[in-house]
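A.B. asks: Sequence first, predicted model second:
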Amino acid sequence: MIDPRQIEGLKAQAPTRINSSQPIQPQLPAAQVQTRPLQAQTRPSQVQTRPLQPQTRPSQAQIRPLQPQIRPSQPKTRSVQNPNPRGKKLSSEEQALVDLNRLRSTDYRISRGEPMQIQLTGTGGEFGGQPIEVEVDGNGEIVLDHLDPLKVEGMTSAEVKKLIRDQYKNKKIYRNPNANVTFPSKSIFVGGKVNQPAAYPYTQRITLTQAVNAAGGKEKFAHKDHISVTRDGITFKLSWQYIQKNPSQDPLILPGDSIFVGRTIL
């Protein structure tokens, strides 16, 4: 027979085995849960490194504005023009031409009371090729046949020419009119060895060559090179041959200028 005390001992031992085995199972997942936060700790470290990348981009943007600061300085050097880039020594005639151009004034502007001569062409001979003498009135206007009064005060002769031509053409009075404007009170003098030495009405933007040709050109005994222009009491000795070879250097003549063509040495 089995001793009842042994049965009681077995019953007392059975719970201890169950209790000893049950705590072991929950301990395993607890260990896994404890390891998971370790992975999460590494992720914030990656997030912290990301802000470092955009910090390098602003540094590039700070460098870019330096480029437009350099570009404006380039046009400044290009705008500087050297009148004698090769360092060539100018002759006395060339230097006189430079000095004469320095005294060049702005285009003459028409004022009230200014007498003018207007020669119309392309009108079918209506005016007989004769210049029309007009005077700017107190309103700054002139009156021409078939047209309303024209406001010319403050204009240049070139602007008046265009105004007259456009008015006649737009009103369909003449198909291809043209006008030449001179100022009798403003004259230039061409003398010396020219075919027709005299004082001539000033025509705006007339050059030295044009003025000599208006006086009939150089005569037979005219010097082939010597020509002078007197302006504001100063005489400038120029080279005719140099001007003919360089038409862009042909100086503009101003009201009151005196041109003198020298005589050849026999």
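C.D. replies: Nice, I can see it.

A.B. asks: backbone phi and psi for Q249, please?
C.D. replies: phi -90, psi 0 (degrees, to the nearest 10).

A.B. asks: Let the chain start at 108 from now.
C.D. replies: Sure, I'll start numbering at 108, so the last one becomes Q356.

A.B. asks: unless I'm mixing things up, it is touching Y349, no?
C.D. replies: Yes - counting by Cβ atoms under 8 Å, Q356 does reach Y349; the two are 7.2 Å apart. Yep, even glycine has a C-beta here, placed from its N, CA and C like the rest.

A.B. asks: neighbour-wise, which of these two wins?
C.D. replies: Q356 (17 against 14; other Cβ atoms under 10 Å).

A.B. asks: hey, what's in contact with both of Q356 and Y349?
C.D. replies: L204 (Cβ atoms under 8 Å, 6 or more residues apart in numbering).

A.B. asks: Just the buried positions in stretch 282-293, please.
C.D. replies: 284, 286, 288-290, 293 (16 or more other Cβ atoms under 10 Å).

A.B. asks: likewise stretch 332-349?
C.D. replies: 333-336, 338, 343-347.

A.B. asks: from what I can see, V319 looks like it's in a helix, true?
C.D. replies: Yes - checked against DSSP: H, G, I helix; E, B strand; the rest coil, V319 lies within a helix.

A.B. asks: Report the contact partners of it.
C.D. replies: 297, 301, 325, 334, 366, 368.

A.B. asks: Assign the residue nearest to I372 when sequence neighbours are not counted to helix, strand or coil.
C.D. replies: Leaving aside its chain neighbours, I372 sits nearest to H330 (7.6 Å; criterion: Cβ to Cβ, 6 or more residues apart in numbering). On the three-state scheme (three-state DSSP), H330 is labelled strand.

A.B. asks: which ones are touching H330?
C.D. replies: 300, 347, 368-372.

A.B. asks: and what of G231?
C.D. replies: So G231 contacts Y281 (Cβ under 8 Å, 6+ apart).

A.B. asks: Now do the same for it: its pLDDT.
C.D. replies: Reported pLDDT at G231 in the predicted model: 81.

A.B. asks: same deal with the one 4 residues further on?
C.D. replies: The predicted local distance difference test score for G235 is 70.

A.B. asks: Also P182?
C.D. replies: 30.

A.B. asks: where does the chain dip in pLDDT?
C.D. replies: Across the chain, the ranges flagged by pLDDT under 70 are 108-195, 210-214, 373.

A.B. asks: quick one, helices of the stretch 258-373 of the chain?
C.D. replies: If you assign secondary structure with DSSP state H, counting those that start in this stretch, the helices in the stretch 258-373 of the chain sit at 264-277, 315-321, 347-352.
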